[in-house]
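Asker: Pasting a predicted model and its sequence here:
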Amino acid sequence: MPEGDTVFHTAAALRTALVGKTLTRCDIRVPRYATVDLTGQVVDEVLSRGKHLFIRVGPASIHSHLKMEGSWRIGWSAGAAHRIRIVLETADSRASGIDLGVLEVLDRAADMDAVAHLGPDLLGPDWHARTAAANLTADPDRPLSEALLDQRVMAGVGNVYCNELCFVFGRRPTSPVSTLSDPLRVVQRARDMLWLNRSRWNRTTTGDTRRGRQLWVYGRAGEPCRRCGTLIETDNSGERVTYWCPACQT
(Lines give C-alpha, C1' and ligand atoms only; values in the text may rest on other atoms or scores of the structure.)
Protein backbone atom coordinates (compact mmCIF):
# COMPACT_ATOMS: atom_id res chain seq x y z
CA MET A 1 0.00 0.00 0.00
CA PRO A 2 1.41 3.44 -0.92
CA GLU A 3 2.46 5.53 2.07
CA GLY A 4 2.01 9.23 2.72
CA ASP A 5 5.33 10.16 1.13
CA THR A 6 4.37 8.37 -2.12
CA VAL A 7 1.06 10.24 -2.25
CA PHE A 8 2.81 13.55 -1.52
CA HIS A 9 5.30 12.91 -4.33
CA THR A 10 2.50 11.84 -6.68
CA ALA A 11 0.63 15.07 -5.96
CA ALA A 12 3.75 17.06 -6.82
CA ALA A 13 4.07 15.25 -10.16
CA LEU A 14 0.40 15.82 -10.98
CA ARG A 15 0.76 19.46 -10.00
CA THR A 16 3.57 19.93 -12.50
CA ALA A 17 1.64 18.17 -15.25
CA LEU A 18 -1.81 19.70 -14.76
CA VAL A 19 -2.08 22.85 -12.64
CA GLY A 20 -2.87 26.04 -14.54
CA LYS A 21 -3.83 24.10 -17.66
CA THR A 22 -7.18 23.58 -19.37
CA LEU A 23 -8.46 20.03 -19.68
CA THR A 24 -8.89 18.92 -23.29
CA ARG A 25 -10.16 15.50 -22.20
CA CYS A 26 -11.80 14.13 -19.07
CA ASP A 27 -12.63 10.43 -19.22
CA ILE A 28 -13.87 8.92 -15.94
CA ARG A 29 -14.35 5.16 -16.14
CA VAL A 30 -16.44 4.66 -13.04
CA PRO A 31 -20.15 4.06 -13.71
CA ARG A 32 -21.39 6.55 -11.13
CA TYR A 33 -19.32 9.38 -12.65
CA ALA A 34 -19.15 8.26 -16.27
CA THR A 35 -21.22 11.25 -17.43
CA VAL A 36 -19.05 13.81 -15.62
CA ASP A 37 -17.05 15.79 -18.15
CA LEU A 38 -14.75 18.55 -16.95
CA THR A 39 -13.30 19.28 -20.38
CA GLY A 40 -12.72 23.00 -20.79
CA GLN A 41 -12.19 23.57 -17.07
CA VAL A 42 -8.85 24.71 -15.63
CA VAL A 43 -7.02 22.57 -13.08
CA ASP A 44 -6.47 24.91 -10.14
CA GLU A 45 -4.89 22.74 -7.44
CA VAL A 46 -3.60 19.29 -6.59
CA LEU A 47 -3.57 18.50 -2.89
CA SER A 48 -2.52 15.53 -0.79
CA ARG A 49 -3.97 14.78 2.63
CA GLY A 50 -2.45 11.72 4.23
CA LYS A 51 -3.00 9.00 1.63
CA HIS A 52 -5.73 10.93 -0.21
CA LEU A 53 -5.38 13.01 -3.39
CA PHE A 54 -7.58 15.88 -4.56
CA ILE A 55 -7.47 17.44 -8.02
CA ARG A 56 -9.53 20.63 -7.99
CA VAL A 57 -10.98 21.45 -11.40
CA GLY A 58 -13.50 24.28 -11.76
CA PRO A 59 -16.40 23.58 -9.35
CA ALA A 60 -15.37 19.96 -8.82
CA SER A 61 -12.75 18.03 -6.88
CA ILE A 62 -11.56 14.64 -8.08
CA HIS A 63 -10.84 12.61 -4.96
CA SER A 64 -8.75 9.45 -5.16
CA HIS A 65 -7.12 6.99 -2.79
CA LEU A 66 -4.51 4.58 -4.11
CA LYS A 67 -5.36 1.77 -1.65
CA MET A 68 -3.24 -1.36 -2.26
CA GLU A 69 -2.44 -1.25 -5.97
CA GLY A 70 -3.36 2.21 -7.23
CA SER A 71 -1.16 4.77 -8.95
CA TRP A 72 -1.23 7.91 -11.05
CA ARG A 73 1.00 8.00 -14.12
CA ILE A 74 2.06 10.92 -16.23
CA GLY A 75 2.20 10.28 -19.98
CA TRP A 76 1.01 7.23 -21.88
CA SER A 77 0.54 4.01 -19.93
CA ALA A 78 1.14 1.21 -22.39
CA GLY A 79 -0.29 -2.14 -21.36
CA ALA A 80 -2.49 -0.75 -18.59
CA ALA A 81 -5.52 0.39 -20.60
CA HIS A 82 -7.96 -2.05 -18.98
CA ARG A 83 -6.90 -0.87 -15.50
CA ILE A 84 -7.24 2.86 -16.12
CA ARG A 85 -10.07 4.47 -14.14
CA ILE A 86 -9.59 8.09 -15.23
CA VAL A 87 -7.75 10.02 -17.92
CA LEU A 88 -7.09 13.77 -17.71
CA GLU A 89 -5.45 15.45 -20.68
CA THR A 90 -4.30 18.97 -21.47
CA ALA A 91 -2.72 20.30 -24.63
CA ASP A 92 0.69 18.96 -23.57
CA SER A 93 0.17 16.44 -20.79
CA ARG A 94 -1.73 13.30 -19.82
CA ALA A 95 -2.43 11.83 -16.37
CA SER A 96 -3.98 8.41 -15.85
CA GLY A 97 -5.32 6.97 -12.60
CA ILE A 98 -4.74 3.21 -12.55
CA ASP A 99 -6.36 0.66 -10.20
CA LEU A 100 -7.49 3.44 -7.88
CA GLY A 101 -9.12 2.10 -4.73
CA VAL A 102 -11.32 5.18 -4.41
CA LEU A 103 -12.33 7.54 -7.20
CA GLU A 104 -15.13 10.04 -6.83
CA VAL A 105 -16.06 13.53 -7.95
CA LEU A 106 -16.96 15.86 -5.09
CA ASP A 107 -18.26 19.38 -4.69
CA ARG A 108 -15.06 21.38 -4.44
CA ALA A 109 -16.44 23.57 -1.65
CA ALA A 110 -16.87 20.55 0.63
CA ASP A 111 -14.17 18.13 -0.56
CA MET A 112 -12.24 18.19 2.71
CA ASP A 113 -15.24 16.62 4.46
CA ALA A 114 -14.01 13.32 2.99
CA VAL A 115 -10.86 13.49 5.15
CA ALA A 116 -12.20 15.29 8.20
CA HIS A 117 -11.75 12.14 10.29
CA LEU A 118 -7.99 12.00 9.75
CA GLY A 119 -5.41 12.89 12.38
CA PRO A 120 -2.64 15.46 11.76
CA ASP A 121 -1.07 15.02 8.33
CA LEU A 122 2.60 14.07 8.69
CA LEU A 123 3.40 16.05 5.54
CA GLY A 124 0.70 18.70 5.77
CA PRO A 125 0.34 22.20 7.17
CA ASP A 126 -1.85 20.88 9.98
CA TRP A 127 0.92 18.67 11.43
CA HIS A 128 1.00 18.91 15.22
CA ALA A 129 3.24 16.45 17.04
CA ARG A 130 1.63 16.75 20.47
CA THR A 131 -1.84 16.11 19.03
CA ALA A 132 -0.52 13.04 17.23
CA ALA A 133 1.17 11.79 20.40
CA ALA A 134 -2.04 12.26 22.38
CA ASN A 135 -3.96 10.33 19.73
CA LEU A 136 -1.37 7.55 19.77
CA THR A 137 -1.60 7.05 23.53
CA ALA A 138 -5.39 7.42 23.81
CA ASP A 139 -5.69 3.62 24.16
CA PRO A 140 -2.59 2.40 26.07
CA ASP A 141 -3.48 -1.29 25.61
CA ARG A 142 -3.74 -1.08 21.84
CA PRO A 143 -1.06 -2.93 19.82
CA LEU A 144 1.51 -0.44 18.60
CA SER A 145 1.27 -1.46 14.94
CA GLU A 146 -2.50 -1.08 14.98
CA ALA A 147 -2.26 2.41 16.47
CA LEU A 148 0.44 3.55 14.04
CA LEU A 149 -1.62 2.40 11.06
CA ASP A 150 -4.77 4.16 12.27
CA GLN A 151 -5.04 7.25 10.07
CA ARG A 152 -7.14 8.93 12.75
CA VAL A 153 -4.02 8.99 14.95
CA MET A 154 -1.84 10.63 12.29
CA ALA A 155 -2.24 10.54 8.54
CA GLY A 156 0.41 9.02 6.31
CA VAL A 157 1.95 5.99 8.05
CA GLY A 158 1.61 2.77 6.06
CA ASN A 159 2.87 -0.74 6.73
CA VAL A 160 6.46 -0.02 5.72
CA TYR A 161 6.88 2.88 8.11
CA CYS A 162 4.91 1.08 10.81
CA ASN A 163 7.33 -1.85 10.85
CA GLU A 164 10.37 0.41 10.58
CA LEU A 165 9.24 2.61 13.47
CA CYS A 166 8.65 -0.42 15.67
CA PHE A 167 12.22 -1.55 14.98
CA VAL A 168 13.79 1.86 15.56
CA PHE A 169 12.11 2.09 18.97
CA GLY A 170 12.83 -1.52 19.95
CA ARG A 171 9.23 -2.66 20.21
CA ARG A 172 7.50 -5.57 18.55
CA PRO A 173 4.48 -4.65 16.42
CA THR A 174 2.23 -6.47 18.91
CA SER A 175 3.57 -4.56 21.93
CA PRO A 176 1.01 -2.31 23.62
CA VAL A 177 1.35 1.42 23.13
CA SER A 178 1.90 1.76 26.88
CA THR A 179 5.41 0.27 26.49
CA LEU A 180 6.61 3.40 24.69
CA SER A 181 8.71 5.58 26.97
CA ASP A 182 8.47 8.68 24.77
CA PRO A 183 5.43 8.71 22.41
CA LEU A 184 6.20 12.26 21.30
CA ARG A 185 9.58 11.13 20.00
CA VAL A 186 7.89 8.31 18.06
CA VAL A 187 5.55 10.62 16.16
CA GLN A 188 8.35 13.10 15.56
CA ARG A 189 10.49 10.30 14.09
CA ALA A 190 7.56 9.26 11.90
CA ARG A 191 7.38 12.81 10.61
CA ASP A 192 11.14 12.90 9.97
CA MET A 193 11.05 9.62 8.03
CA LEU A 194 8.26 10.70 5.71
CA TRP A 195 9.61 14.23 5.32
CA LEU A 196 13.03 13.03 4.21
CA ASN A 197 11.45 10.70 1.63
CA ARG A 198 8.74 13.01 0.34
CA SER A 199 10.57 14.01 -2.85
CA ARG A 200 12.01 10.66 -3.96
CA TRP A 201 10.66 7.28 -5.02
CA ASN A 202 13.64 5.39 -3.57
CA ARG A 203 12.49 5.35 0.06
CA THR A 204 15.00 4.78 2.86
CA THR A 205 14.69 4.60 6.64
CA THR A 206 18.28 3.52 7.30
CA GLY A 207 19.79 6.58 5.64
CA ASP A 208 21.38 4.38 2.96
CA THR A 209 19.78 4.68 -0.49
CA ARG A 210 21.76 1.83 -2.06
CA ARG A 211 19.65 -1.03 -3.40
CA GLY A 212 18.93 -3.62 -0.72
CA ARG A 213 20.12 -1.40 2.12
CA GLN A 214 17.25 1.07 2.45
CA LEU A 215 15.14 -0.59 5.17
CA TRP A 216 15.77 -2.08 8.62
CA VAL A 217 13.28 -4.96 8.72
CA TYR A 218 10.42 -4.55 6.25
CA GLY A 219 10.50 -7.24 3.56
CA ARG A 220 13.64 -8.81 5.06
CA ALA A 221 12.24 -12.02 6.61
CA GLY A 222 15.01 -14.57 7.15
CA GLU A 223 17.77 -12.02 6.55
CA PRO A 224 20.19 -10.89 9.29
CA CYS A 225 19.33 -7.85 11.37
CA ARG A 226 21.46 -4.89 10.35
CA ARG A 227 22.26 -4.20 14.01
CA CYS A 228 22.80 -7.58 15.67
CA GLY A 229 22.76 -10.24 12.94
CA THR A 230 19.75 -12.15 14.31
CA LEU A 231 17.44 -13.39 11.55
CA ILE A 232 14.40 -11.19 10.95
CA GLU A 233 11.07 -12.86 11.70
CA THR A 234 7.70 -12.26 10.07
CA ASP A 235 4.01 -12.92 10.61
CA ASN A 236 1.52 -12.74 7.75
CA SER A 237 -1.45 -14.27 9.53
CA GLY A 238 -3.17 -10.94 10.11
CA GLU A 239 -4.46 -8.22 7.80
CA ARG A 240 -0.97 -6.72 7.54
CA VAL A 241 2.34 -8.56 7.39
CA THR A 242 4.77 -7.68 10.18
CA TYR A 243 8.55 -7.96 10.48
CA TRP A 244 10.78 -7.71 13.54
CA CYS A 245 14.13 -8.62 15.01
CA PRO A 246 13.55 -10.94 18.00
CA ALA A 247 16.72 -9.66 19.70
CA CYS A 248 16.45 -5.91 19.11
CA GLN A 249 12.69 -5.65 19.58
CA THR A 250 11.67 -6.85 23.03
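Answerer: On my side now, so go ahead. Small disclaimer: the values here were computed from a predicted structure and weren't measured. Residues are numbered from 1 along each chain as shown.

Asker: So which residues of this protein form strands?
Answerer: Secondary structure of the chain (DSSP state E): strands at 25-28, 43-49, 52-57, 60-65, 71-74, 84-89, 94-98, 102-107, 233-235, 242-244.

Asker: Now that Ser145 has come up, it's in contact with Trp244, right?
Answerer: No: Ser145 lies out of contact with Trp244 (CB atoms under 8 Å); the separation is 9.6 Å. Where you see a C-beta, it was placed from the backbone N, CA and C, and this is true even at glycine.

Asker: can you pull the contacts of Ser178?
Answerer: 137, 140-141 (CB atoms under 8 Å, 6 or more residues apart in numbering).

Asker: just Val187 next, same as before
Answerer: Contacts of Val187 (CB under 8 Å, 6+ apart): 129, 132-133, 136, 154.

Asker: quick one: which of the residues you listed is most hemmed in?
Answerer: Met154 (28 neighbours; other CB atoms under 10 Å).

Asker: what are the ranges of the helices in this structure?
Answerer: With helices called from DSSP state H, the chain shows them at 4-18, 129-136, 144-149, 159-168, 183-197.

Asker: Tell me which of these is the most buried.
Answerer: Stretch with highest mean neighbour count among the helices of the chain: helix 159-168 (a mean of 24; mean count of other CB atoms under 10 Å).

Asker: Go ahead and name everything in contact with it.
Answerer: When contacts are defined by CB under 8 Å, 6+ apart, helix 159-168 is touched by residues 1, 3, 144-145, 148-149, 157, 172-173, 175, 186, 189-190, 193-194, 203, 205, 215-218, 240-245, 248-249.

Asker: ok and it relative to helix 183-197, angle-wise?
Answerer: Taking axes from the mean of the first three to the mean of the last three CA atoms, to 10 degrees, one finds that helix 159-168 is oriented at 130 degrees with respect to helix 183-197.

Asker: Out of the contacts of Ser178, which comes closest to Val19?
Answerer: Using CB to CB, Thr137 comes nearest to Val19 of the contacts of Ser178, at 38.9 Å.

Asker: could I get the contacts of Val187 as JSON lines with pLDDT and distance to Val7?
Answerer: Shown next, in JSON lines, are the contacts of Val187 (pLDDT from 0 to 100; distance: CB to CB, whole Å):
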{"residue": "Ala129", "pLDDT": "98", "distance to Val7": "20"}
{"residue": "Ala132", "pLDDT": "98", "distance to Val7": "18"}
{"residue": "Ala133", "pLDDT": "98", "distance to Val7": "23"}
{"residue": "Leu136", "pLDDT": "98", "distance to Val7": "21"}
{"residue": "Met154", "pLDDT": "98", "distance to Val7": "14"}
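
Asker: could you dump those to CSV with distance to Ala17?
Answerer: CSV is the format used below for those (distance: CB to CB, whole Å):
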residue, distance to Ala17
Ala129, 33
Ala132, 32
Ala133, 37
Leu136, 36
Met154, 29
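
Asker: which one of those residues sits closest to Lys67?
Answerer: The closest of those, once distances to Lys67 are taken by CB to CB, is Met154, at 18.9 Å.

Asker: just to revisit the earlier point, now, of the contacts of Ser178, which are buried?
Answerer: The neighbour count (16 or more other CB atoms under 10 Å) marks Thr137 as buried among the contacts of Ser178.

Asker: Serialize the contacts of Ser178 to TSV and add fields for distance to Ile28.
Answerer: Below are the contacts of Ser178 laid out as TSV (distance: CB to CB, whole Å):
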residue	distance to Ile28
Thr137	42
Pro140	45
Asp141	44
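
Asker: I'd like the average pLDDT over stretch 56-70.
Answerer: Averaged across stretch 56-70, pLDDT comes to 95.

Asker: again, but for stretch 207-216
Answerer: On average, stretch 207-216 scores 95.

Asker: All set now, cheers.
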